[in-house]
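Peer 1: Structural data only, the sequence is not supplied:
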């Protein structure tokens with residue numbers, strides 16, 4: 001019971017961000033931008049960040065840049081949404 005409450009609280013406070021990199025795109029074979037399936041790029045292989053929902057873009061972007069050892073100026077974050085067919089689509093981007 002307590003574990004479920006803790007999980008619900010974490011879901012309320014955090015979101016999971018998976019990063020699809022240039023390498024992921026280059027390995028992808030098929031339609032759309034990327035589909036994290038077992039054949040090309042399983043979800044477990046995608047870099048994953050737990051992000052406080054209150055965390056701003058200006059805080060999160062440097063974390064991503066540091067993780068990949070890239071200058072911030074070379075990082076561009078895009079929001080992808082999963083369609084009903086489980087394919088990721090470009091939804092929009094920040095800055």
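Peer 2: Everything's here; your move. Because the structure is predicted, anything quoted here is derived from the model rather than measured.
Peer 1: CA only for contacts and neighbour counts going forward, please
Peer 2: Will do.
Peer 1: Following the chain onward from the helix or strand residue 5 falls within, which element is next?
Peer 2: Per DSSP states H and E: residue 5 is located in helix 2-13. Heading C-terminal from helix 2-13, the first helix or strand you meet, by DSSP H and E, is strand 14-18.
Peer 1: hmm, who's touching that following strand?
Peer 2: 43, 46, 47, 48, 49, 50, 51, 52, 53 (CA atoms under 8 Å, 6 or more residues apart in numbering).
Peer 1: May I see the buried residues of it?
Peer 2: residue 14 (16 or more other CA atoms under 10 Å).
Peer 1: again with stretch 53-72
Peer 2: 61, 62, 64, 65.
Peer 1: Please, where are all the strands along the protein?
Peer 2: Applying DSSP state E to the chain gives strands spanning 14-18, 48-52, 78-82, 88-93.
Peer 1: Output the contacting helices and strands for the third one.
Peer 2: In terms of contacts (3 or more CA pairs under 8 Å, 6 or more residues apart in numbering; DSSP states H and E), strand 78-82 is packed against strand 88-93.
Peer 1: Averaged pLDDT, the strand it packs on. What do you get?
Peer 2: For strand 88-93, mean pLDDT is 56.
Peer 1: and what of stretch 54-69?
Peer 2: For stretch 54-69, mean pLDDT rounds to 95.
Peer 1: List of residues touching it?
Peer 2: Outside stretch 54-69, the residues that touch it by CA under 8 Å, 6+ apart are 13, 51, 71, 72, 75, 77.
Peer 1: repeat that for 10 Å
Peer 2: By CA atoms under 10 Å, 6 or more residues apart in numbering, the residues outside stretch 54-69 that reach it are 13-15, 19, 21, 47-49, 51-52, 70-77, 94-95.
Peer 1: that older thread, now do the helix holding residue 5: which elements does it pack against?
Peer 2: Helix 2-13 sits against strand 48-52, with contacts defined as 3 or more CA pairs under 10 Å, 6 or more residues apart in numbering; DSSP states H and E.
Peer 1: how much does the strand it packs on deviate in direction from strand 14-18?
Peer 2: Put simply, strand 48-52 runs at 150 degrees to strand 14-18, going by axes from the mean of the first three to the mean of the last three CA atoms, to 10 degrees.
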